[in-house]
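1. Prediction below, plus the sequence it came from.
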Amino acid sequence: MVKFARLISMAPLLLLLCFPLAFAGHDYGQALSKSILFFEAQRSGYLPHNQRVTWRANSGLNDGKASGVDLVGGYYDAGDNVKFGLPMAFTITMMSWSIIEYGKQLGSSGELGNTMDAVKWGTDYLIKAHPQPYVLYGEVGDGNTDHYCWQRPEDMTTDRRAYKIDPSNPGSDLAGETAAAMAAASIVFRHSNPTYANELLTHAHQLFDFADKYRGKYDSSISVAQKYYRSVSGYNDELLWAAAWLYQATNNQYYLDYLGNNGDSMGGTGWGMTEFGWDVKYAGVQTLVAKFLMQGKAGHHAPVFEKYQQKAEYFMCSCLGKGTRNVQKTPGGLIYRQRWNNMQFVTSASFLAAVYSDYLASAGRNLNCAAGNVAPSQLLTFAKSQVDYILGDNPRATSYMVGYGNNYPRQVHHRGSSIVSYKVDPTFISCRGGYATWFSRKGSDPNLLTGAIVGGPDAYDNFADERDNYEQTEPATYNNAPLLGLLARLSGGHGGYNQLLPVVVPGPIEKKPAPQPKVTPAPQPKVTPAPASTSAPISIAQKMTTTWIAKGKTYYRYSITVTNKSAKELKDIKLSISKLYGPLWGLTKSGNSYAFPSWISSLPAGKSLEFVYIHSASAADISVSSYTLA
């Protein structure tokens, strides 16, 4: 399990080209499938009939019994057998956010159902852990007795006491993060399982009320968590985080007002962060609030929301190395925050960068950094560079995802994977006997912990694949959770989507890409081919690709393909676009006309460029103003 982090300082749709681009170095789809399997290895409780990690068996079947509550289920956080509520809830929030942003890509990869199952395994447990409005169980087992033993979960003889928060022993950070997880997950299940989604929302409302009304740090109430998951940042960030997710899930003005009225006093507009993770949520809150602002939802809170956005951009710029205070990186280019499980910060920051890149591209704007304006594509390129490093593009040519590539950690600091499977040899492994027989052996783990992201290298890209090197070889659920959305985004490549439009998570059984149900009352606009270019060397084809209804208004997505039909290279094209009433991406605005996007300078003979726009009217008029053939 991974020790606490510290606070630091106060303070598009991209690349829609038809010819190949740089998304091809790694098999992101394979990495995605493997990364989801890791969560099955971390399951506690009665394993389901469709369990794919077959070396695991049932465990923790009496959890909660001594306290008169059923706490069977949930996830072990890392290489141990404790169920820690704060990182577990954060894991579920991030898995849900991955689905909310990139559900379409997860569906295309065939992994949406597995990812939703992974979320539900967590939320089913969180529901059990919240038996009364103002009672939440935040830990089962304790790190001290657990770390004294090296046993499979199936053999545990350690103390399985359950620890809770209540009005006399509050924990606003724990209750707030759990509220955020429930609210985010409710969005995931809104269409496929509305009854369950409503149940999650009820818990989220109650938990937010509990967190806000009875304020205190959870590790003051559950002191056994202090050594392992101490809440250094306090609880203000979790209260804002929960409010942001509840607003996203409900559109309830109360939560928007909470963000607007408390942004200054709770640090949402004041903390300029260079990290994001299970303890410190400010950068995540700031990213979500920036989204609300770009969606036009801020209302009279716009001045405050703009301050949130400035801090979100402070974080993004620091990741890119273009801010006033930049994140440290290893010589090989990996974000480096701390010695112990550094990879948690890499995956979380990379996910935020990818999401914010897509928000900016959807809004048709750039990132404002101290070093100048930055195209959204650079944020996605940064996120991709971190993922590629994890998957093996690094000085050691080591994949830090177990089971991906040829050179990956074989001696993972993980009790279950390092001891022979209970199904192969059910002979009881004693508390200290596990250390003598299994922990100390130098061979590869008998069970492959497929998809696990380990702690990773040090500040100089060095890594020692040794089981007792827990700082580098221990995995954690919250390392993997942000990676799900990021890998789906990268494996999905370039598709037509706008991250600022209302979220509709597709069903887990993928149907045909979802043009929304046809609505007869709304007359479809007449789509006219762009009067466009009469210039023979350039053709412009325009078509409507999908339509949907949001808040009673019908929206249309138009796709435009510009093709260089000449035998020469097309340069310096200028397009004139009129009757455009919504966001456009895939081009750069240049004065009153539109030019190539910043990432290409010309269009080779026979190649095409696609751009898209969305609005609630008939197709825009598009024509070629000028161009050069060279």
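-> Received, thanks.

2. How are the strands of the protein distributed by residue range?
-> For the chain, the strands defined by DSSP state E cover 83-84, 136-140, 162-165, 367-369, 372-374, 538-550, 553-564, 570-578, 584-585, 588-590, 593-595, 602-603, 608-615, 621-629.

3. Can you say which of these is packed in most?
-> Counting by mean count of other C-beta atoms under 10 Å, strand 83-84 has the highest mean neighbour count of those, with a mean of 30. For glycine as for every other residue, the C-beta is placed from the backbone atoms N, C-alpha and C.

4. on contacts alone, who are the packing partners of that strand?
-> For strand 83-84, the packing partners by 3 or more C-beta pairs under 8 Å, 6 or more residues apart in numbering; DSSP states H and E come out as strand 136-140.

5. CA atoms only for the strand it packs on, dumped as CSV, please.
-> Provided in CSV are the C-alpha atoms of strand 136-140 (Å, rounded to 0.1, in the frame of the first residue of the first chain):
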residue,chain,number,x,y,z
LEU,A,136,-19.8,4.7,6.8
TYR,A,137,-17.3,1.8,7.3
GLY,A,138,-13.9,3.0,6.0
GLU,A,139,-11.6,0.1,6.6
VAL,A,140,-11.6,-3.7,7.2
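
6. Not counting it itself, show me its contacts.
-> Contacts of strand 136-140 with the rest of the structure, by C-beta atoms under 8 Å, 6 or more residues apart in numbering, involve 60, 63-64, 67, 69, 71, 74, 82-86, 129-131, 160-166, 171, 174-175, 178, 207, 210, 218, 222, 224-225.

7. let's see 6 Å
-> Contacts to strand 136-140, defined as C-beta atoms under 6 Å, 6 or more residues apart in numbering, come from residues 63, 71, 83-85, 129-130, 160, 162-165, 174-175, 218, 222, 225.

8. Give me the distance from it to the chain's centre.
-> A distance of 24 Å separates the centroid of the chain from that of strand 136-140, by C-alpha atoms, centre = their mean, to the nearest Å.

9. What of stretch 569-586?
-> If you compare the mean C-alpha spot of stretch 569-586 with that of the full chain, they lie 32 Å apart, counting by C-alpha atoms, centre = their mean.

10. in the chain, which residue is closest to the centre?
-> Residue closest to the mean C-alpha point of the chain, counted by C-alpha atoms, centre = their mean, is residue 482 at 3.5 Å.

11. got a list of what the nearest residue to that one once chain neighbours are set aside touches?
-> Across the structure, with C-beta to C-beta, 6 or more residues apart in numbering as the measure, the residue nearest residue 482 apart from its sequence neighbours is residue 351 (3.6 Å). With contacts defined as C-beta under 6 Å, 6+ apart, the neighbours of residue 351 are 482, 485, 486.

12. What's the per-residue pLDDT of residue 351 here?
-> Residue 351 is assigned a predicted lDDT (pLDDT) of 98.

13. got it, and residue 585?
-> 71.

14. Counting neighbours, what do you get for the nearest residue to residue 459 once chain neighbours are set aside?
-> Among residues not flanking residue 459 along the chain, residue 336 sits closest, at 5.0 Å (C-beta to C-beta, 6+ apart). Other residues near residue 336 come to 21 when the count uses other C-beta atoms under 10 Å.

15. Can you get me a residue count around the nearest residue in space to residue 583 that is not next to it in sequence?
-> Of all residues beyond its chain neighbours, the one nearest residue 583 is residue 364 (5.3 Å), with distances taken as C-beta to C-beta, 6+ apart. Residues within reach of residue 364, counting by other C-beta under 10 Å, total 18.

16. cool, and residue 439?
-> Under the criterion other C-beta under 10 Å, the count of neighbours that residue 439 has is 17.

17. What are the neighbouring residues in contact with the closest residue to it other than its chain neighbours?
-> Sequence neighbours aside, residue 150 is the residue nearest to residue 439 in space, at 4.6 Å (criterion: C-beta to C-beta, 6+ apart). For residue 150, the residues meeting the contact criterion (C-beta under 6 Å, 6+ apart) are 415, 434, 435, 439.

18. Just send those back as CSV, with distance to residue 340 and pLDDT too.
-> Supplementary listing: the contacts of residue 150 in CSV, determined by distance: C-beta to C-beta, whole Å; pLDDT from 0 to 100:
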residue, distance to residue 340, pLDDT
415, 18, 98
434, 22, 96
435, 21, 96
439, 19, 97
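
19. Which members of these are the farthest-apart pair?
-> With distance counted by C-beta to C-beta, no two of the contacts of residue 150 lie farther apart than 415 and 435, which are 10.3 Å apart.

20. Which one's more surrounded, these two?
-> Of the pair residue 415 and residue 435, residue 415 is the one with more neighbours under other C-beta under 10 Å, namely 24 against 16.

21. Report the separation between the more buried one and residue 63.
-> With distances taken as C-beta to C-beta, to the nearest Å, residue 415 is found 17 Å from residue 63.

22. for residue 493, same thing?
-> Going from residue 493 to residue 63 by C-beta to C-beta gives 42 Å.

23. what's the answer for residue 427, then?
-> 24 Å.

24. mind checking pLDDT for residue 333?
-> What the model reports as pLDDT for residue 333 is 97.

25. Residue 478 reaches residue 93, doesn't it?
-> No - in this structure, residue 478 sits apart from residue 93 without contact. The criterion is C-beta atoms under 6 Å, and the distance is 9.5 Å.

26. Where does the prediction get shaky in the stretch 1-150 of the chain?
-> Per-residue confidence for the stretch 1-150 of the chain (pLDDT under 70) gives these ranges: 1-24.

27. And the helices in it?
-> Shown for the stretch 1-150 of the chain, the helices assigned by DSSP state H, counting those that start in this stretch span residues 28-41, 85-108, 112-128, 143-148.

28. Turn these into a markdown table, columns for mean neighbour count and distance to residue 199.
-> Putting the helices of the stretch 1-150 of the chain into a markdown table (neighbours: other C-beta atoms under 10 Å; distance: least, C-beta to C-beta, whole Å) gives the following:
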| stretch | mean neighbour count | distance to residue 199 |
| --- | --- | --- |
| helix 28-41 | 23 | 22 |
| helix 85-108 | 28 | 15 |
| helix 112-128 | 22 | 7 |
| helix 143-148 | 17 | 31 |
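
29. Out of the ones you listed, which is closest to residue 617?
-> Of all the helices of the stretch 1-150 of the chain, the one in closest proximity to residue 617, counting by C-beta to C-beta, is helix 85-108 (24.6 Å).

30. other SSEs contacting the closest one?
-> Using 3 or more C-beta pairs under 6 Å, 6 or more residues apart in numbering; DSSP states H and E as the contact criterion, the elements in contact with helix 85-108 are helix 112-128, helix 172-188, helix 477-492.

31. what do you get if the cut-off is 8 Å, keeping everything else the same?
-> Other helices and strands packing on helix 85-108, by 3+ C-beta pairs under 8 Å, 6+ apart, are helix 112-128, strand 136-140, helix 172-188, helix 236-250, helix 343-363, helix 477-492.

32. Point out the most buried one among these.
-> Mean neighbour count, computed with mean count of other C-beta under 10 Å, is highest for helix 172-188 among the helices and strands packed on helix 85-108, reaching a mean of 31.

33. can you state the direction angle for that helix and helix 112-128?
-> For the pair helix 172-188 and helix 112-128, the angle between their directions (axes from the mean of the first three to the mean of the last three C-alpha atoms, to 10 degrees) equals 140 degrees.

34. how long is stretch 584-604 from one end to the other?
-> Using C-alpha to C-alpha, to the nearest Å, the end-to-end distance of stretch 584-604 comes out at 23 Å.

35. quick one: it to chain centroid distance?
-> That offset, for stretch 584-604, works out to 29 Å (C-alpha atoms, centre = their mean).

36. Quick check: residue 147 vs residue 279, distance?
-> Applying C-beta to C-beta, the value for residue 147 to residue 279 is 20 Å.

37. Sorry, wrong one. I was asking about residue 241.
-> In this structure, residue 241 lies at 11 Å from residue 279, with C-beta to C-beta as the measure.

38. Fine, thanks again, bye for now.
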